[in-house]
Structure formats: structure tokens, C-alpha cells
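In: return atomic coordinates for the entry below.
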Amino acid sequence: MKTLLPYVSTPDDLQALPARLLPGLAREIRDFLIDKVSARGGHLGSNLGIVELTIALHRVFDSPEDLIVFDTGHQAYVHKILTGRRTSFDALRCRGGLSGYPSREESPHDHLASSHASTALSYADGMAKARALAGDDRRAVVAVVGDGALTGGVAWEALNNLGAARHRPVIVVLNDNGRSYAPTVGGCAGHLDRLRAAPGITVFENLGLRYLGPVDGHDIEALEQAMRAARELREPVVVHCLTRKGHGYEPAEQDLDEHLHAIPVTDPATGQPVAPRTPTWTHAFAEHLCALGERRHDLVAITAAMPGPTGLAAFGRRFPGRMFDVGIAEQHALASAAGMAMSGLHPVVAIYATFLNRAIDQVLMDIALHRLPVTLALDRAGITGPDGPSHHGMWDLAALALVPGMRVAAPRDVVRLHELLEEAVEHGGPTALRFPKAAAEAEIPPAGSVGALDVLAAGGGDVLIVAIGPMAGPCLSAAAMLAATGLGVTVVDPRWVIPVSADLGKLVCASRLVVTVEDGVASSGAGALVRQVCAPGPRMLNLGLPCEFIGQGSRSELLAEAGLTGQGIAYAIRKELNRWPL
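Out: Residues are numbered from 1 along each chain as shown. The predicted structure is shown next:
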């Protein structure tokens with residue numbers, strides 16, 4: 001049988017196909033996704049579920065003249081296939097390769113580099129306003145959002161504006177599969193459940209938007225009819241499409257926890273990872289949080305729609321009444337945590353470091369201002385790898401350094417993770433722990449201590465290296481290289497990196513050259529705090545990540561490019577010493 005996919009590289013190609021061939025094309029796209037995503041890893045389940053919907057989108061709307069924006073852009077793989085990027089999937093999420101999210105640099109069909117949820121409706125509102133001001137009433141603005149994105153408050157801020165502007169015809173395509181990572185939670189999810197069973201007056205209509213649906217999200221003809229009707233209405237409208245995450249691939253359909261939402265390199269025949277699973281920092285955090293939960297009945301856990309990826313699923317199974325999934329709503333998660341802490345509980349909010357950016361106001365004004373005992377467990381801190389610039393957790397130290405009363409720990413290994421988590425939940429104010437998306441580090445035992453600091457290598461007073469968290473291993477490697485040239489190098493781990501402790505301040509001020517090393521922004525993170533505390537003291541070199549958006553690639557590749565390896569750190573120190581000898 002002749003294949004279709006090689007001949008469909010543009011929306012024009014797709015629109016020229018007879019409707020009778022489209023189900024076969026959908027099957028080919030699914031096979032292609034399973035093959036390519038299994039080989040490289042990436043987001044599979046959400047893309048398997050949106051195949052027919054994306055085909056219908058590109059048959060009804062004329063991209064890129066009609067603007068199609070994807071919320072939570074990991075669901076845009078099919079869009080990429082149909083807009084000329086099928087042959088690039090062998091380098092999916094690799095350094096210099098195809099992004100796992102929409103990318104304005106890749107294609108004129110991509111209008112934003114989206115990957116954080118709940119924002120596409122606001123983008124669409126702004127785009128529609130701009131088109132109205134330009135007198136352009138011909139081209140459509142379409143926002144593709146998942147039901148999980150509607151658990152985010154900013155989505156409702158946008159709907160509030162869209163519904164009040166009947167003359168700006170934004171089309172909201174609601175891809176409703178009942179999931180974020182986990183099942184979608186909250187009152188909106190319940191409302192959508194009722195609409196699936198018995199369509200009636202909707203909350204969208206009460207806000208001023210027209211409502212069409214629900215529509216079978218795997219029936220291309222029905223989808224096209226609904227989208228054409230939406231376009232002809234020429235007013236704000238929601239097209240409610242019912243899809244199934246992982247549709248058409250049995251391993252994904254049988255994975256009831258996440259429907260293979262995001263996968264590593266996988267055997268496509270079974271859906272199982274090719275490499276054995278290794279213990280990660282997340283696993284270590286989850287294990288110890290459960291142990292703490294046994295001893296402390298005031299301990300509660302909060303997740304923003306990611307119980308599995310942040311390790312809280314295990315806590316929820318052990319203590320089902322003490323784990324709260326609030327949906328994709330980081331601001332609410334932290335404000336709710338503040339309310340719990342005011343009422344005598346100690347909340348642990350497990351969140352990706354990059355998503356903390358969305359709730360800094362709550363950290364400042366709801367938690368820190370009230371000096372509340374809330375612990376942030378910042379997973380995926382530092383360089384995360386193939387998810388690219390929107391997912392690197394590199395801004396947390398810079399942001400938290402501004403928060404009065406905040407204490408931040410950066411464990412160098414899982415032994416210290418356990419110790420510092422215990423110290424955090426014992427503290428009477430706001431705390432945070434940051435750890436990377438990586439295999440758990442082997443223990444690095446201290447060689448001694450200076451007050452609260454761990455001394456990892458005591459080699460003399462020429463150079464003091466302050467190692468932040470998982471940078472301890474590369475710092476020790478650098479110290480050994482430098483010691484081989486006759487330099488006396490001491491390496492310390494401050495454990496709690498914000499605020500700068502008095503013990504570290506004394507040690508730094510007594511040193512001739514101080515080098516701080518962190519996997520956060522070098523110009524405004526932990527090293528910058530050390531510089532401020534000790535100014536105008538000793539010579540200081542702050543090593544870390546550049547203040548720029550770093551592309552995708554493996555964690556090891558990107559850390560090496562930033563000079564955050566043993567060899568890179570040693571080179572930077574030698575270069576500094578060549579400029580200004582001790």
C-alpha cells in the first residue's frame with residue numbers, strides 16, 4: 001500500500017488530500033511518532049492524542065496566515081510534521097536539533113516558543129487585539145489548549161477578556177483528554193465531565209463565548225465541521241474536542257498513570273525504557289519525604305499537576321489525605337501553602353525550578369512576608385537538558401536571593417538531601433531545597449568542617465573553591481588538577497547557600513582567591529551573594545551559567561559548554577591566576 005506521509009509536508013499538501021485518505025494518514029503519523037519519539041525520548045502520549053485534531057486544524061485554517069498557537073507546546077509534534085519538519089525528527093530534542101516545543105526560529109508556522117501552560121489564550125487575546133487595530137478581519141486567531149491548562153488562573157484571566165470582546169473572534173480549541181500529567185483536578189474538570197455526559201449551558205457561554213461541542217476528537221470530519229462553523233461565527237468561541245491521551249498505541253493506553261506522557265529512549269514494541277531505570281534525586285527526595293511523613297503528622301505535600309514527576313505520588317499513596325494536587329496553578333499552590341502554614345501545618349511544595357518563576361509574588365508576599373514555615377522542593381534545578389530554555393531551572397537562586405528570610409539549601413548528594421530536608425522542615429520559616437534532573441550522586445563524605453560548612457578537600461590557602469550543590473564533584477576534580485601543579489586548594493560545601501553564613505564569610509575573607517561554582521546564573525546567584533557579603537575583600541571569581549536563554553542538549557553537554565566540569569573549572573582558575581598571580 002502506498003504511503004501518504006512523505007507527500008504531506010505543508011498544509012497545502014494536506015488540504016489537497018481527499019477526505020477518504022485522512023484516517024490512513026493519521027495512522028501513519030502515529031506510527032511515525034512512536035518510532036521517532038521512542039528513539040530519542042520526548043512527549044509521546046499527548047501527541048498521539050492530538051493527531052486527528054491537528055489534521056483538522058491545518059485543513060480548516062491557513063497557517064501561517066491564520067495564527068495557530070499551542071498551549072503547553074509539547075503537544076505540537078504533529079503540527080511540526082505537517083509544517084515541513086518531518087525529516088528533522090531524528091534530531092528531536094538534541095543539541096542544535098528539532099525543539100520539543102514550538103520554536104519561532106524553526107518555522108513561520110510557530111508563533112511562540114510555548115511550553116509553560118495556560119498562556120496561549122492570553123497570547124491569542126493580544127494577537128486578536130493587534131489584528132483588530134490593523135483592520136485585519138480576514139485571518140483567524142486560534143488557541144489550542146488542553147483541559148489541564150484550564151486549571152491555571154491566567155487562562156481564566158484571558159477567558160474573562162475574550163468573552164467581553166464579541167467583535168474579536170478568537171477560536172479556542174479545547175483539547176479535552178481529562179489529563180495534565182495526572183487526571184485533571186478541580187471544579188472546571190468536573191464541569192467538563194458533565195458536558196461530556198450531557199451537553200448544556202456552559203461556563204464559557206456565561207463568560208460570553210459561544211460553545212460548540214463536545215466533538216469526537218478522533219473524527220476528522222466532525223472536527224472539520226465544528227471548526228468551520230466556529231470560523232463562520234466571527235465571534236469568540238470554544239470548540240470542545242474530546243480526545244484520548246496515547247490513543248492508538250496500546251502501551252500508552254495501558255499506562256493509566258501518565259499514558260506515556262514523556263518517555264526516555266524506549267522499545268517501541270513494548271513502550272518500556274531501553275536502559276534500566278537508575279535512582280534519581282527525585283526518587284531520593286520522595287523516599288525521604290515519606291519517611292518524614294511517618295514521623296510528622298503536620299507534614300503535607302502540594303503539587304501543581306505533577307505528582308509523578310516531582311515524586312509526590314508515593315507520598316500521596318502513603319498519606320492520601322495529606323497530598324494535594326491543585327492543578328497547573330503554581331500561584332495558588334504557594335498561596336494555599338501559606339494558608340496551611342498559618343493554620344499549623346508544614347507544607348512541602350514540590351515544583352520544577354523553572355515553574356517557580358510563575359509564583360515569585362506568592363513566595364515574597366504570601367510566604368516570606370509572614371515568615372511562614374513552607375518548604376519548596378525545587379526539582380530540575382540548574383540545567384535540565386533536552387527540554388530547552390523554558391525548562392532550565394537556572395533562575396531560582398537569583399530569584400530567591402531577593403527574598404527576605406528565605407533559606408536555600410543545595411545538597412551535593414542524596415545523603416545531604418536527606419539531612420537538609422530534615423533541617424528544612426524543622427525550620428520555623430521559609431526554606432527551599434534545589435536538586436537537579438539527574439541520576440543520584442554518589443556520596444561525597446566531608447573531610448572536616450568549619451562551623452556549619454563541610455570541608456571536602458583541605459589543600460591550603462591559595463584558592464578557596466565554594467561548591468554549590470551538585471557542582472561539588474567537578475570542583476573536587478578541578479582541585480585535584482590544580483593541586484598537581486603545586487597550588488594549595490581548599491573546597492567547601494556551604495550546604496545552606498542562602499543566606500551566606502557567618503562561617504563562610506570568615507573563611508572567604510581570609511582567602512586570597514575565592515571561586516564560587518554553581519549551576520545557576522553566575523551574575524546574580526549564590527556566588528554574587530558571597531561577593532556582596534565579603535566586598536571589598538579578596539579576589540573573587542564567580543563561575544556558573546551565563547545570563548541568557550540556553551538551548552536544548554544533554555545536561556552533560558550544556559554544563560561542559562558553560563565550563564562547569566572539572567577541567568573547565570580548573571582552566572578558568574588558571575586563566576584568572578595568569579592574569580593576576582597570587
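In: contacting residues around the lengthiest helix in the chain?
Out: Across the chain, the longest stretch assigned as helix under DSSP state H is helix 22-40. Contacting residues not belonging to helix 22-40 are listed as 3-5, 8, 14, 17, 43-44, 47-48, 51-52, 55, 77-78, 81, 86, 89-94, 220, 248-249, 263, 265-268 [C-beta atoms under 8 Å, 6 or more residues apart in numbering]. C-beta coordinates here come from the backbone N, C-alpha and C atoms, glycine included.
In: buried residues in stretch 471-486?
Out: Neighbour-count burial for stretch 471-486 flags 471-479, 481-483 (criterion: 16 or more other C-beta atoms under 10 Å).
In: could you do stretch 98-118 as well?
Out: For stretch 98-118, by 16+ other C-beta under 10 Å, it's 98-103, 106-107, 109-118.
In: which residue lies nearest the spatial centre of the protein?
Out: residue 391 (4.4 Å; C-alpha atoms, centre = their mean).
In: tell me which residues of stretch 420-440 are tucked away?
Out: 420-421, 423-425, 429-438, 440.
In: stretch 456-467 now?
Out: 456-457, 459, 462-467.
In: let's have those in TSV, adding secondary structure and pLDDT.
Out: As requested, the buried residues of stretch 456-467 are exported to TSV (DSSP: H, G, I helix; E, B strand; the rest coil; pLDDT from 0 to 100):
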residue	secondary structure	pLDDT
456	strand	98
457	strand	96
459	coil	88
462	coil	90
463	strand	95
464	strand	96
465	strand	98
466	strand	98
467	strand	98
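In: so which of these comes closest to residue 380?
Out: Nearest to residue 380, judged by C-beta to C-beta, of those is residue 467 at 19.9 Å.
In: residues in contact with the nearest residue to that closest one once chain neighbours are set aside?
Out: Using C-beta to C-beta, 6 or more residues apart in numbering and skipping the chain neighbours, the partner closest in space to residue 467 is residue 475 (3.9 Å). If a contact means C-beta under 8 Å, 6+ apart, then residue 475 has 456, 465, 467, 491, 517, 566, 569 as its contacts.
In: about what we covered before: which single one of the buried residues of stretch 456-467 is nearest to residue 302?
Out: Proximity of those to residue 302 (C-beta to C-beta) peaks at residue 467, which lies at 30.4 Å.
In: you'd agree residue 462 is up against residue 582?
Out: Yes. Using C-beta atoms under 8 Å, residue 462 is in contact with residue 582, at 5.7 Å.
In: find residues that contact each of the two.
Out: With C-beta under 8 Å, 6+ apart as the test, residue 462 and residue 582 both reach 512-513.
In: can you pull the pLDDT of the residue of the chain positioned farthest from its centre?
Out: Most distant residue from the mean C-alpha position of the chain: residue 486, 43.5 Å away (C-alpha atoms, centre = their mean). Confidence at residue 486, expressed as pLDDT, is 93.
In: and residue 418, by the same measure?
Out: 97.
In: for residue 114, same thing?
Out: 69.
In: how about residue 167?
Out: In this prediction, residue 167 has a pLDDT value of 90.
In: where does the nearest residue in space to it that is not next to it in sequence fall, secondary structure wise?
Out: In this structure, residue 167 finds its nearest non-sequential neighbour in residue 132, 7.2 Å apart by C-beta to C-beta, 6+ apart. Under the criterion of DSSP states H and E, residue 132 resides in helix 120-133.
In: can you give me the buried ones in whichever helix or strand comes after that helix?
Out: For helix 120-133, the following helix or strand on the C-terminal side (DSSP H and E) is strand 141-146. For strand 141-146, a neighbour-count test (16+ other C-beta under 10 Å) marks 141-146 as buried.
In: need the max-distance pair from these.
Out: 141 and 146 (18.1 Å).
In: which of the buried residues of stretch 420-440 fall in strands?
Out: Counted as lying in strands by DSSP state E, out of the buried residues of stretch 420-440, are 431-434.
In: for residue 573, state which of these is nearest.
Out: Nearest to residue 573 among these, with distances taken as C-beta to C-beta, is residue 434, at 24.4 Å.
In: that closest one reaches residue 469, doesn't it?
Out: Yes. The pair residue 434 / residue 469 is scored as a contact, 6.6 Å apart, by C-beta under 8 Å.
In: give me the common contacts of those two.
Out: Here residue 434 and residue 469 have 381-382, 410 as joint contacts, going by C-beta under 8 Å, 6+ apart.
In: can I get these in JSON lines including distance to residue 170, pLDDT and neighbour count?
Out: What follows is those, written out as JSON lines (distance: C-beta to C-beta, whole Å; pLDDT from 0 to 100; neighbours: other C-beta atoms under 10 Å):
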{"residue": "381", "distance to residue 170": "36", "pLDDT": "97", "neighbour count": "29"}
{"residue": "382", "distance to residue 170": "37", "pLDDT": "97", "neighbour count": "30"}
{"residue": "410", "distance to residue 170": "43", "pLDDT": "98", "neighbour count": "33"}
